[in-house]
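*Asks:* just need the structure, nothing else, for what follows:
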Amino acid sequence: MWPRIGGLRALALGTPGELRTRLNTLVLSGLKTATAGLVQEYDQEGEELEYVGERLVLVDDNDGFVGVVEVTDVEVVRFADVPWDFARAEGEGDRSIEEWREGHDAYWARQGTPVTDDTRIVCLRFRLVSTEGSVGT
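*Replies:* Alright, predicted model coming up:
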């Protein structure tokens, strides 16, 4: 199971260190309003998919509070079918869907989970709702 903070699931973007810090900064600036995950990670962790309206705690490397986001859309698609408007909403500077696919393919391969065109991807869209205080405020 993924960590819970104040009863909310944690959203830990990327891998700890520079990548997570960069992705969190993109969320806080409003440039990043989406993230992609692997369905198999949910299955391995025994986690349900997020749902529209669910609030998640955006966390840093130490599971510390960064902000709260609210899920606005959840869709599961094949890796080959991830749309450009979703990839662009990830806010990471990709200039095309091909560039997005290459970058994500390489990322998941480095994590030990290579993907194929048929790999099921969770396309999660969200909006930042709070950066103040903590979950309870």
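*Asks:* quick one: the helices in the chain, in order.
*Replies:* Along the chain, the segments classed as helices by DSSP state H run 18-29, 39-45, 84-89, 97-110.
*Asks:* list the contacts for the residue nearest to Thr119 when sequence neighbours are not counted?
*Replies:* The spatially closest residue to Thr119, leaving aside those adjacent along the chain, is Phe79, at 4.5 Å (Cβ to Cβ, 6 or more residues apart in numbering). Every C-beta, even on glycine, is put in place using the N, C-alpha and C of the backbone. Residues touching Phe79, when contacts are defined by Cβ atoms under 8 Å, 6 or more residues apart in numbering, comprise 101, 104-105, 115-121.
*Asks:* just the CA coordinates for stretch 82-100, please, in CSV.
*Replies:* Below are the C-alpha coordinates for stretch 82-100, written out as CSV (Å, rounded to 0.1, in the frame of the first residue of the first chain):
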residue,chain,number,x,y,z
VAL,A,82,-1.6,8.1,-24.7
PRO,A,83,-2.9,11.3,-26.3
TRP,A,84,-0.7,14.4,-26.9
ASP,A,85,-3.0,16.7,-24.9
PHE,A,86,-2.4,14.4,-21.9
ALA,A,87,1.4,14.3,-22.5
ARG,A,88,1.5,18.1,-22.8
ALA,A,89,-0.4,18.4,-19.5
GLU,A,90,2.4,16.6,-17.8
GLY,A,91,4.3,19.9,-18.2
GLU,A,92,7.7,18.4,-18.6
GLY,A,93,8.7,20.2,-21.8
ASP,A,94,8.2,17.4,-24.3
ARG,A,95,7.7,18.8,-27.8
SER,A,96,5.8,15.9,-29.3
ILE,A,97,4.0,12.7,-28.3
GLU,A,98,7.0,10.8,-29.7
GLU,A,99,9.4,12.6,-27.4
TRP,A,100,7.0,12.0,-24.5
